[in-house]
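> pasting the sequence and the predicted coordinates here, then a few questions.
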Amino acid sequence: MTIANSDVMYRHLVQGVEDYAIYMLSPDGTVANWNAGAQRTKGYAADEIVGQNFSCFYTPEDRASGLPQAGLARARDRGKFAAEGWRVRKDGTLFWASVVIDAIHGDGGELLGYAKITRDETERRMQEQQLLRAKEMTERYNTELGSLSSFLDAVISQIPSCVLVMDAVSRQIVLANRQVQAMFGVDRADMRGRTMQECLPEQACAFFERLCNDALRSDGAMREEEEELSTTLGPRSLRTKTLVFHNSDPRSRYVLLIADDVTDENAAHAQVRYMAHHDTLTGMPNRRLFREQMLKALNAASDGRATAVLCLDLDNFKSVNDTLGHQFGDELLRLLAKRLPKVLREQDTLARLGGDEFAVVLPNIEQTEDVRRMAQRLVDAVRAPFEIDGHTVPVTVSIGIAVADTPECTADHLLRYADMALYEAKRNGRNGMAFFKPEMETTALKRHEMEMDLRQAIISQQLRLHYQPIKDASHVRTVGREALMRWQHPAKGLIMPNDFIPVAEETGLIHELSAFTLHEACREAMRWEPHETVAVNLSASQFANSALVSLVESALATSGLPADRLELEITESVLLANSAANLSTLTRLKDMGVKVALDDFGTGYSSLSYLRSFEFDKIKIDKSFTQDVESSREALAIIRAINGIGRSLDIPTTAEGVETPAQLRRLTEEGCTHFQGYLLGRPVSHEPGATPPTST
């Protein structure tokens, strides 16, 4: 077969193919023929290229390296050569080519030439490169995110919603998605690292901030509320879910806000008006209708008549949900919604603001005493037990009262004042009422300032631990130390725990303080003698933290401290707040090997019952008895009784607050096994670099 005969066959079979460049080469690489696909791919007409060496399709670098001849040699030796690479068109532009070269032999085995097929794969190459770059960017992005990957999956799954993630302490925004940017007109890149106050509209900021505070107080319980907000898209109803969660380090917490725009959904609903103004659980007016009624009452006030607002909050409602279940809690709220209106006037408005929070607008008030009588009727109405599915559920209510007796008192002022009074009623022991007084606002401002300072103290590490020694019966040997927190404020000086711990408990910051105390105390105890324990106080509110057990595990694992060297001190309020759940948590801690001590024993009304319900490792006698041991027969009798109980149950007893030699001598005579107080050692700081404390 001759090259001429091949050319005839070539023209008949492949001349019209346009997607592939198909042509033949002579043994030395000279182009022998040319099809339409070759002209389309490489830009040469047949009369321009036939007779030229095919190496002109290669880059100068490839020609210099001998790549064209190497391809022919491979095809000659192996029968076929296939490759991909950059080739050059007539106009000098490059394209990515997929090349196949087949060696053609005659009947006698002699080499007649080569059949060459080339396909332009530039577009496919670009797509592959784009996918590769996208993959590299994704891998780099995932690597940079590192510890955030655990919750980014949850965020990504909620992409159709507005998603905000914030640090629980600094309140800085960690993540905001495109929907937040579209909803509020703020570039999401500019939001990262800033607080909501710095980048969101005031109304939206107030709403989200309230949800964050509520969620942090309940530590992790999923909360959902709906509010109409002004956005760049106009007024939109946002149904927002709030969740507090931990990352891989239990000392860190984040707040996740997921807001769904339900404006269109509500508009399509047949009962949209009713649902917009009433609570779905109880059928009572909600916050929106309550505000409308409050504005109406204030605008209509005249002739010396005033408007009053009452804020109601059920006492220990959480324990009903925890012990009986949320269905019982919901039914209790429904029964309450039926009972309370019976003691109100027809013109009054009772509303449920959320959870177990209610409010009442009292228009046309003549005398303040009328408001007091009305509030007392509400207290009495709630006090009567509720019967729910065979269970008798006792509950009480605290009420804060504010009266608008001047035109300058706005609806916002009135509700805020009533809320401040409610806080005072709760602080005074609950199951009662309190009227707003101007000094409450000053107190609230100071409390808010304390909260902000405490957040900054956590961030800037202003908190320190001091340790007070605990001696054995020899009064010389140290068997342990109690960790006591101190706050050295840069401007206000030393702040004691009694001043800031209550604020930490109310705001949820107690969980961050607890994490710091446990980790730092365990770390420090590793520097002490092996027989010494470290005692850390836990409050009832810390048991609301679902991560308490894992937090203790983390502190022990990080420090390497044996579990039996950690002693957790609790008061009976821990068991009084939520006995069953907290007993379960204590049992889990005890199973880890951690010791549990009952602090301030003898000051409560049910201490003895708790000794039966849980196997404590130590009883600590409150310092109010210790310091009166010489002057009070009652105190001495109580100390004797406690030591008798301790001996019979084989539980050591620690006398706290020992300040004089006479007290120490008498307490020793009465059988106390351990002693703690200023006489034996004051709390001191053990900063890194200081000499480790000795056992004597």
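On my side now, so go ahead. Because the structure is predicted, anything quoted here is derived from the model rather than measured.
> show me what the mean pLDDT comes to for stretch 685-694.
The average pLDDT for stretch 685-694 rounds to 52.
> beta partners for Leu111?
Bridge pairing for Leu111 (DSSP bridges) gives the partners His105.
> start the count at 753, not 1, going forward
Yes, from this point I'll number from 753; that puts the last item at Leu863.
> correct me if wrong: it contacts Asp854.
No. Between Leu863 and Asp854 there is no contact under CB atoms under 8 Å: 11.6 Å. For glycine as for every other residue, the C-beta is placed from the backbone atoms N, C-alpha and C.
> Ala1177 contacts Ser1150, doesn't it?
Yes. Using CB under 8 Å, Ala1177 is in contact with Ser1150, at 4.2 Å.
> overlap in contacts, the two.
Common neighbours of Ala1177 and Ser1150 are listed as Gly1184, Met1185 (criterion: CB atoms under 8 Å, 6 or more residues apart in numbering).
> ok, Ala1256 touching Ser1266?
No. Using CB under 8 Å, Ala1256 makes no contact with Ser1266, being 9.0 Å away.
> tell me, how many residues neighbour Val1381?
Neighbourhood size, Val1381 [other CB atoms under 10 Å]: 25.
> part of a strand, is it?
No. Counting by DSSP: H, G, I helix; E, B strand; the rest coil, Val1381 falls outside a strand, being coil.
> how close does it get to Glu1408?
Applying CB to CB, to the nearest Å, the value for Val1381 to Glu1408 is 12 Å.
> next one: Asn965
For Asn965 relative to Glu1408 (CB to CB), the value is 35 Å.
> all the strands of the stretch 1003-1152 of the chain, residue numbers only.
1005-1013, 1058-1067, 1101-1106, 1109-1117, 1138-1140, 1143-1145, 1148-1156 (DSSP state E, counting those that start in this stretch).
> rank those by pLDDT, which is bottom?
Here the strands of the stretch 1003-1152 of the chain differ in mean pLDDT, and the lowest is strand 1143-1145 at a mean of 82.
> partner residues bridging the residue lying closest to Thr1285 once chain neighbours are set aside?
Counting by CB to CB, 6 or more residues apart in numbering, Gly1232 is the residue found nearest to Thr1285 once chain neighbours are left out, at 3.7 Å. Bridge pairing for Gly1232 (DSSP bridges) gives the partners Ile1222, Thr1285.
> try Phe1138
Val1145.
> for it, grab the count of nearby residues.
What Phe1138 shows, counting by other CB under 10 Å, is a neighbour count of 17.
> pretty sure it is touching Leu1084, no?
Yes. If you go by CB under 8 Å, Phe1138 and Leu1084 touch, sitting 5.7 Å apart.
> what residues does stretch 1306-1318 touch?
Residues contacting stretch 1306-1318 (CB under 8 Å, 6+ apart): 1001-1003, 1267, 1270-1271, 1273-1275, 1277-1278, 1284-1286, 1288, 1304, 1344-1347.
> how about the helices in the stretch 953-1102 of the chain?
954-970, 1015-1020, 1024-1029, 1039-1052, 1069-1076, 1078-1091 (DSSP state H, counting those that start in this stretch).
> with the stretch 1103-1252 of the chain instead?
Using DSSP H, counting those that start in this stretch, helices in the stretch 1103-1252 of the chain cover 1120-1135, 1163-1179, 1190-1211, 1249-1259.
> to Pro779, which of those helices lies closest?
helix 1190-1211 (79.5 Å; CB to CB).
> which positions in the closest one come out as buried?
By neighbour count with 16 or more other CB atoms under 10 Å, helix 1190-1211 contains the buried residues Met1192, Ala1196, Arg1199, Met1202, Glu1203, Asp1205, Leu1206, Arg1207, Ala1209, Ile1210.
> need those in TSV (columns: distance to Val1007).
Conversion of these to TSV gives the following (distance: CB to CB, whole Å):
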residue	distance to Val1007
Met1192	28
Ala1196	23
Arg1199	21
Met1202	21
Glu1203	16
Asp1205	21
Leu1206	17
Arg1207	13
Ala1209	20
Ile1210	15
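> can you show me the CA trace of the longest helix seen in the chain as CSV?
Ranked by residue count and defined by DSSP state H, the top helix of the chain is helix 874-897. Extracted as CSV, the C-alpha positions of helix 874-897 are listed here (Å, rounded to 0.1, in the frame of the first residue of the first chain):
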residue,chain,number,x,y,z
THR,A,874,-8.9,23.0,26.3
GLU,A,875,-12.4,23.5,27.7
ARG,A,876,-12.2,20.2,29.6
ARG,A,877,-8.8,21.1,30.9
MET,A,878,-10.0,24.4,32.2
GLN,A,879,-13.0,22.8,33.9
GLU,A,880,-10.6,20.2,35.5
GLN,A,881,-8.3,23.0,36.7
GLN,A,882,-11.2,25.0,38.1
LEU,A,883,-12.4,22.0,40.0
LEU,A,884,-8.9,21.3,41.2
ARG,A,885,-8.5,25.0,42.4
ALA,A,886,-11.9,24.8,44.1
LYS,A,887,-10.9,21.6,45.8
GLU,A,888,-7.6,23.2,47.0
MET,A,889,-9.5,26.3,48.2
THR,A,890,-12.0,24.1,50.1
GLU,A,891,-9.2,22.0,51.7
ARG,A,892,-7.3,25.2,52.7
TYR,A,893,-10.5,26.8,54.1
ASN,A,894,-11.3,23.7,56.1
THR,A,895,-7.8,23.6,57.5
GLU,A,896,-7.9,27.2,58.5
LEU,A,897,-11.2,26.8,60.3
